[in-house]
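Student: Based on what follows, work out the 3D shape:
(chains A and B)
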There are 2 protein chains.
Amino acid sequence: MKNPPALEQLIDSLRCLPGVGPKSAQRMAYYLLQRDRNGAGALAEALETALEVVDHCKLCNTFSEQPICPLCAADSRDKNLLCVVEMPTDLLMLENTHAYNGMYFVLMGRLSPLDGIGPKEIHLDKLIKRAQDGLINEVILATNYTVEGEATAHYISELLKVRGIKTSRIARGMPMGGEIEYVDSGTLAQAMMERRNVA
Amino acid sequence: MKNPPALEQLIDSLRCLPGVGPKSAQRMAYYLLQRDRNGAGALAEALETALEVVDHCKLCNTFSEQPICPLCAADSRDKNLLCVVEMPTDLLMLENTHAYNGMYFVLMGRLSPLDGIGPKEIHLDKLIKRAQDGLINEVILATNYTVEGEATAHYISELLKVRGIKTSRIARGMPMGGEIEYVDSGTLAQAMMERRNVA
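Tutor: Numbers count the residues shown, from 1 in each chain, chains lettered A, B, ... in the order given. So this is what the prediction gives:
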């Protein structure tokens, strides 16, 4: 005894979503068919539109509806700086700080050999070509301070060093509003080691 | 600074799924566009097909691609028994026991006033009409033994009683393989109260 075929097919298809197993897929399918048919229709349409129009920017590799994304195409940006981030969300976060006006490169991931994500999957050939456009004179590595993010930054810096490109890494240290009593010891140790002279 | 419009639209649409908030919707959208475009296309198609062909059986109210579902249409079933369950999964579970050969009625939910689910949302008018088809002589209430399931069973039994329809409730007691030492006290108390004579 099973659900009708079209329903089984829907349950099966929902499992392509990350973090969705058989039980939640079934719950989602029941919910959509019973309580939110409009939402389900809109979702089908949004999926099709996104698949059709969203691709990667030829320069910075982020999601874009144009071959060159608006940020890469903007005249006002500093073409000499290239900031490397893991995901488009990281780019959006940095943009929201208004602290950086250079260009970006989005890896769309981080090195993670156990998940089968190597240099090819994070588009390092594209990054190296991008960094050698003749205008970039510093590559800022803004990957996460996780084990994978650190390994990715290290790997990229080695690749760029042999090509004579200057690289830097965003600073580590105490977060804004952080209290020494409550900050973790790793962060505190880094903040101590990377202390700066007071001007 | 935002994602491209078609991507934002997709993130927004994914939030119609139960249990999916803004962060997971974004993660799902990124994942689909970057790593599983085929899966996303298949999902869009499955959604559209399901919306088109899946409706509710006119008799038992479960999901069905035909006006009358295969189970309700089967000649071999006992037309005198009607088993009321909350969800299609409950029907499937009962069918897998091979312990029941009667008809079903699927409420598609349970009474839950706080979530705005009242008698109308669980199709009680349809159930009452179904139970009075002249063939049914016993309605078995197989809602869950949760607070809402119990309330739903009680409410339905009251409705059927005034119409002179015999109702019963599936038994409570020790689960198969259950050890008295480890079973919860509520279950044990019920098993004691509802003890049966040994034949």
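Student: Send over the longest helix along chain A as CSV, restricted to the C-alpha atoms.
Tutor: Longest helix in chain A by number of residues (criterion: DSSP state H): helix A:37-53. The C-alpha trace of helix A:37-53 is given here as CSV (Å, rounded to 0.1, in the frame of the first residue of the first chain):
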residue,chain,number,x,y,z
ARG,A,37,-1.5,24.7,-3.1
ASN,A,38,-0.9,28.4,-4.1
GLY,A,39,2.5,28.3,-2.4
ALA,A,40,3.3,25.0,-4.2
GLY,A,41,2.4,26.5,-7.5
ALA,A,42,4.5,29.6,-6.8
LEU,A,43,7.4,27.4,-5.7
ALA,A,44,7.3,25.4,-9.0
GLU,A,45,7.3,28.7,-10.9
ALA,A,46,10.1,30.3,-8.9
LEU,A,47,12.2,27.1,-9.4
GLU,A,48,11.8,27.2,-13.1
THR,A,49,12.5,31.0,-13.4
ALA,A,50,15.6,30.8,-11.2
LEU,A,51,16.9,27.8,-13.2
GLU,A,52,16.4,29.8,-16.4
VAL,A,53,17.8,33.2,-15.4
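Student: Please see if it touches chain B.
Tutor: Yes. Between helix A:37-53 and chain B, judged by C-beta under 8 Å from any C-beta of the partner chain, the touching residues are A:37, A:39-53. C-beta coordinates here come from the backbone N, C-alpha and C atoms, glycine included.
Student: out of these, who has the most neighbours?
Tutor: A:Leu47 (28 neighbours; other C-beta atoms under 10 Å in any protein chain shown).
Student: Do I have it right that it meets B:Ala42?
Tutor: No. A:Leu47 is beyond contact range of B:Ala42, at 9.6 Å (criterion: C-beta atoms under 8 Å).
Student: Okay, helices next: where are they in chain A?
Tutor: Taking DSSP H as the criterion, chain A carries its helices at A:5-14, A:22-35, A:37-53, A:70-73, A:88-97, A:124-131, A:147-161, A:185-193.
Student: what's the shortest one in contact with?
Tutor: The contact list for helix A:70-73, computed with C-beta atoms under 8 Å, 6 or more residues apart in numbering or on different chains, reads A:Cys57, A:Leu59, A:Cys60, A:Thr62, A:Ser64, A:Gln66, A:Arg77, A:Leu91, A:Glu95, A:Met103, A:Tyr104, B:Met1.
Student: can you check the third one too?
Tutor: Contact with helix A:37-53 is made by A:32-33, A:65, B:4, B:6-7, B:9-10, B:12-14, B:16-17, B:29, B:32-33, B:37, B:40-41, B:43-45, B:47-48, B:50-51, as judged by C-beta under 8 Å, 6+ apart.
Student: Compute the inter-axis angle for that helix and helix A:5-14.
Tutor: Interaxial angle of helix A:37-53 relative to helix A:5-14 (axes from the mean of the first three to the mean of the last three C-alpha atoms, to 10 degrees): 50 degrees.
Student: model confidence over helix A:37-53, on average?
Tutor: Average pLDDT, helix A:37-53: 95.
Student: and the angle for that helix with helix B:22-35?
Tutor: Using the same axes, to 10 degrees: helix A:37-53 against helix B:22-35 is 40 degrees.
Student: anything in stretch A:7-24 sitting right up against chain B?
Tutor: Yes. Judged by C-beta under 8 Å from any C-beta, stretch A:7-24 and chain B are in contact via A:Leu7, A:Gln9, A:Leu10, A:Asp12, A:Ser13, A:Leu14, A:Cys16, A:Leu17, A:Pro18, A:Gly19, A:Ser24.
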